[in-house]
Structures are given as C-alpha cells and as structure tokens.
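>>> Give me coordinates for this.
(chains A and B)
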Amino acid sequence: MDDRKDPIQKLLDGPVSVVNIGLAQFARTLEGEGVAVVQVDWSPPAGGDRRLIDLLDKLGA
Amino acid sequence: MTAGVAATRTRAGFYLDSVALMRISQAVQDIAGVSAASLMMGSPSNKELLRDAGLLDADAEAAGPNDLVIAVRADDGDALRAAFETAEAALRGPAASGRGEAGWNPRSLETGLRALPGANLAIVSVPGDFAAREARRALERGLNVMLFSDNVALAEEVALKTLARGRGLLMMGPDCGTAILAGAPIGFANAVPRGDIGLIAASGTGLQEVACLIARAGGGISHGIGVGGRDLGAAVGGAATLSAIDALDRDGATRRVVLISKPPDPETAKRIADRIAASPKRFTLCCIGMEPMDLPGNARQAATLREAAGDAFAGAGVAEPERTLEAALGRPGRKRGTVRGLFSGGSLCAEAQAVLMSAGIRFFSNVPIPGAGGAESGHRLIDLGADEYTRGRPHPMIEPAVRDRPLAKALADPEVGVVLVDVVVGHGAHEDPAGRLAAVLAAHGREAPVVIASVCGTDEDPQNRSAQVEALRDAGVVVAESNAGAAETAAALLAG
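Presented below is the predicted three-dimensional model:
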C-alpha cells in the first residue's frame, strides 16, 4: 500500500472495503459481489434521546 | 368512519431497518381482508404517520425509537389475527435480520472497524435524525462516506462536506443512493463492465441510466461517484463534485467524465466550469433543464441523459428506432388523449420533461424542470419517488406496488391516451418490477391506453433486463431502448 496516496485515490484504486451502517440489504449485495463488508446492526443510541446523545458526544463516548 | 377492526402490538427494544420493515408491511398488506398494515419504529415522525392513518392507540403512542410497532386494520378478527401472525413470523425469519453467519454483527462503527480494519468506505443509511452523527464519526476515523439517508439538514451537509474536504475524504450524499467504485456496486447500482468513463452524479437514476446506456452500447464505467442532490446548490457549492473531479483527474483508469445534476446554482456552475478548464480530461455536462452555459473547450453540454451517454461513448446515444413508434401505433386501445407519466426515477421524470418540452408539449409535473410546469394541458409527468409519495412508504424502485394505484387510475381514465413509465432494475431494486406492472395491466381491457416503458438496467443485473423487457412486451407494453426514446415515442403519438 502506497501511503503517499490520499484516501480517495486508495478507495478508487480498490479493493473497496465497507462498513455498512444501516440497511442490511446493501451489505448482502456487496457480499454477493465478493466485496469485503461488515454489517453494523445499528439502533438509535441512548434510546434515541437527543439530549443524552449530545451529552455522550460531548463526553467523547 | 373507517370500517373494520384495528389493533397494534409493540415489541420493545426490537430495532429493524426501514426497508426490511416496509417489505414485511407490504406482505401483511397483501393478506385478504387487511386494509392497512404498518410496521414501524416508534419515532415521533412515524407515530405521526400512524396517527394520520388512525392507527395510533395508547400502546403505540408510548413506543420509543427503539420499539417496533405493528399496526393493522382489517375487515374482521380473523384477518387481523392472520395479519399479526404473518408479521410475527416474518420478524422471526431471516429476511428480518442481517445477522452474520456467526449470528452476531457489530453494533457500532468502532467494533465494525475492529472486524474489518482495512475498511475504506462507510455506507450510512440510518434514519435522518441520526445520520449526520454516524457519517461524522466515520469521517473522523478516516473513512470515505456514502450517506444514503435523506432528511439531513443542509447545515449538517455543509459541515460534513467541509470536514471531508479538509481530510481529503469523499463525502457522497446525503440522499446518495447510487455509486460504482472500483467495480463495486454501492446501493442502487447496475452490473456494468469496467471501462474508461467516469460518472459524477447528483442523481441516482441519472447515474444508472447513463451507466446502463454506455454498458449496453459496449462501453464501461471506471467509477460512478454520487454526490447527493443538493451538492451543486448554493449552500454546498459543489464541495463533493469538486472532490470527485480531483479524484477522477488523477485516476489513470478514467479517460472521460460525465457530470449529471439538476441545473446548478450559477456561482457553483462557474466554479465547476473553471475546475473543468484545468482538467486534462474531456467532460460532458448533463444538467437537465439548464440553459446553454459557457463551458471550456474540453467540455460539452448534453440536454438529456441519452445525449450525455452518447457524447461520452459513441453508440450509446442513438435515436429511438422507428419500430418503437410502429409498435405503439400497432397496439389496440387508445392512443389519443393526454400523457400520464408515472416515474420511479426522478432524473428519468426530468429527462422525459425535457423531451416533451423540446417537442413543444406543455405539461404539469410535481417536480418540474426549469421552464416547465403549471400547464393545464392535462399531460402529467409524476415522480413517484418524490417526498409526498414516499413519506412513510418505500421508494417505488424498492416496492413498485406504490405505482399500482396511480397506474390503475391512469389506465381507467378516458382522457388518458398514453401512459409513460420507467422500470429500474439492478442491485437494491425490486426483484420483478415488470411482473408487478404486468399484473396491473392484466386487469384492464384492450380499450386501455397504450403503455410505453423503458427498462434501465443490464442483462447482468439480478433481474436480467432482457427478461424484464420480454415480460413487459408479453403484457402488451411498448418498450423503448431508453427513457428518452420512450418519451419521444409518447410525443410522436401526440403529434400523430
């Protein structure tokens, strides 16, 4: 891997390697195409409580 | 008053993505005796939708964003029971889960990165309220991002794209549904061969149509970079488009570039034109509905997606063959009257408008291109993927049943002489949109108006484009070679 290349160039040079956060069908498609992908089973953080989420972000959690 | 019985069930702490839930909702909705079925997470906006539908009871009202609500209205208790049984069974099934083989997936970006340390792209498709946060976290960890979610505030988009530019990262979206990167289809993308034409698109179906026309003519795509619908607006100022041009400039595999967007903000257009002037590559700009603009010598403007494809790859922009019009004229049923366009692709709707406008036909559209709209001619070109049709419902590319009702209405309308539709296939799209269309057409007699369609896709797509075309032709549909060709055929019928 050539470290002088910027991250976009590295992406376009491939191979694409994906963290998929959300719709699982996107990960299934990529898997079927032989693309490295990890599915993140996301759910709203802090039970979806905005104030709590902002607080977590401020704490760097 | 709505007849029948209604009830809800809530499953606390059971989160499922919206596409999976909408698929289950549709399956429950299709049960005999069920008049409404909705599976949704209990977010405030979703509860509002349930309230509007008269389905929000006290239990559902108490649900939170992490709680799943199943709401059903049915003719009687038996149908109601069947509906809940079907929903519960689907929630237990594999379709409801993206679980890995080990039965466990990471639950955060951080643990995801531990599982795949070399990752170079995050795809984010969580609900809009949370999407910017996840995208920011990914950028901060050095990942390029494709942000599929919509309903992200403009100020957040500007902040994300500023952060990305500062770190030399690609920020595709928000509201970016399609990309093709180094041969990998991301989101709603078609199986196209690799080649030397790079695409930069603020529109998903615009990217798909151009990529497929080039592929079907024998060409190939180096990369298709989505930027999100607002990128070339005044606020964002083309931030992602400029990053994409920089990247394709340096990319050895890319010889020509096609840029697809709505008409940009004038200052942004100038910035893009200046950037293109400094590029050694050839550019084609397709901003449907835009007046001719001043472009440097290495760039050309195209009025339609088909023209853009043809400018980038000879043979991809050929005129619609005569036989399409002949086939339309040879159909039984009505051919005179108004045009009703029912589109699942926003850019395909825009392209059809450009074709009708250049033929001197006035029309109404819910998403008019510049200079169009408001006419009382009776011709209507509707984008069924627009917000007013997709609030709380799946996009018609995912669930073509969304088109059933407006299609049936158009077929039964004695004023309508021509129905114009698009069928979009590829990864992420419904497994058989042509079959769904054919089922609606079968319920209408020979006196129904002529239906003209195009199929955006390739034979390598999971649905196989040729098979979809065949199914449409068997159902009596006239199938054009391109979306522009379908609109031209409709215009020719009106003129005839």
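>>> Residue of the stretch 251-400 of chain B closest to chain A, please.
Here the residue of the stretch 251-400 of chain B nearest chain A is residue B:251; by Cβ to the nearest Cβ that distance is 5.4 Å. Glycine gets a C-beta too; all of them are placed from N, C-alpha and C.
>>> Report how many residues lie close to that residue.
Residue B:251 sits with 20 neighbouring residues when counted by other Cβ atoms under 10 Å in any protein chain shown.
>>> Pull the contacting residues for it.
Contacts were defined as Cβ atoms under 8 Å, 6 or more residues apart in numbering or on different chains; by that measure residue B:251 touches A:9, A:12, B:198, B:222-223.
>>> so where's the stretch 1-150 of chain B shaky on pLDDT?
Segments of the stretch 1-150 of chain B classed as low confidence (criterion: pLDDT under 70) are B:1-2, B:94-103.
>>> With chain A instead?
Confidence mapping of chain A against pLDDT under 70 gives the ranges A:1-4, A:60-61.
>>> For it, which segments are assigned as helices?
Along chain A, the stretches classed as helices by DSSP state H are A:7-13, A:24-32, A:50-58.
>>> could you redo these as a markdown table and give each row mean neighbour count?
Below are the helices of chain A laid out as a markdown table (neighbours: other Cβ atoms under 10 Å in any protein chain shown):
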| stretch | mean neighbour count |
| --- | --- |
| helix A:7-13 | 20 |
| helix A:24-32 | 21 |
| helix A:50-58 | 12 |
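>>> looking at those helices, which is closest to residue B:68?
Using Cβ to Cβ as the criterion, the shortest distance between residue B:68 and those is 15.3 Å, found for helix A:24-32.
>>> Pick out the residue closest to the middle of chain A.
For chain A, residue A:19 is the residue whose C-alpha lies nearest the centre (Cα atoms, centre = their mean; 3.5 Å).
>>> From residue B:456, how far out is that one?
Summarising the geometry, the distance separating residue A:19 from residue B:456, computed by Cβ to Cβ, to the nearest Å, is 29 Å.
>>> for chain B, longest helix please?
As far as residue count goes, and with DSSP H defining each element, the longest helix of chain B is helix B:77-92.
>>> Could you list every helix and strand in contact with it?
strand B:5-11, helix B:18-29, strand B:34-41, strand B:68-74 (3 or more Cβ pairs under 8 Å, 6 or more residues apart in numbering or on different chains; DSSP states H and E).
>>> And the ones you listed: which comes nearest residue B:436?
Comparing the helices and strands packed on helix B:77-92 against residue B:436 with Cβ to Cβ, the closest turns out to be helix B:18-29 (10.8 Å).
>>> Counting neighbours, which bits of that closest one end up buried?
For helix B:18-29, a neighbour-count test (16 or more other Cβ atoms under 10 Å in any protein chain shown) marks B:18-29 as buried.
>>> Send over that helix as CSV, restricted to the C-alpha atoms.
Backbone C-alpha positions of helix B:18-29 (Å, rounded to 0.1, in the frame of the first residue of the first chain) are rendered in CSV as follows:
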residue,chain,number,x,y,z
SER,B,18,-36.9,0.6,7.4
VAL,B,19,-36.6,-1.4,4.2
ALA,B,20,-36.9,-4.7,6.0
LEU,B,21,-40.0,-3.3,7.8
MET,B,22,-41.6,-1.9,4.6
ARG,B,23,-41.2,-5.3,2.9
ILE,B,24,-42.9,-7.0,5.8
SER,B,25,-45.6,-4.3,5.9
GLN,B,26,-46.3,-5.0,2.2
ALA,B,27,-46.6,-8.7,2.7
VAL,B,28,-49.1,-8.2,5.6
GLN,B,29,-51.0,-5.6,3.5
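>>> how about the closest residue to residue B:17 other than its chain neighbours, what does it touch?
Nearest-residue entry for residue B:17: residue A:23, 4.9 Å, with adjacent residues in sequence omitted and distances by Cβ to Cβ, 6 or more residues apart in numbering or on different chains. With contact set as Cβ under 8 Å, 6+ apart, residue A:23 has these partners: B:17-20, B:125, B:148.
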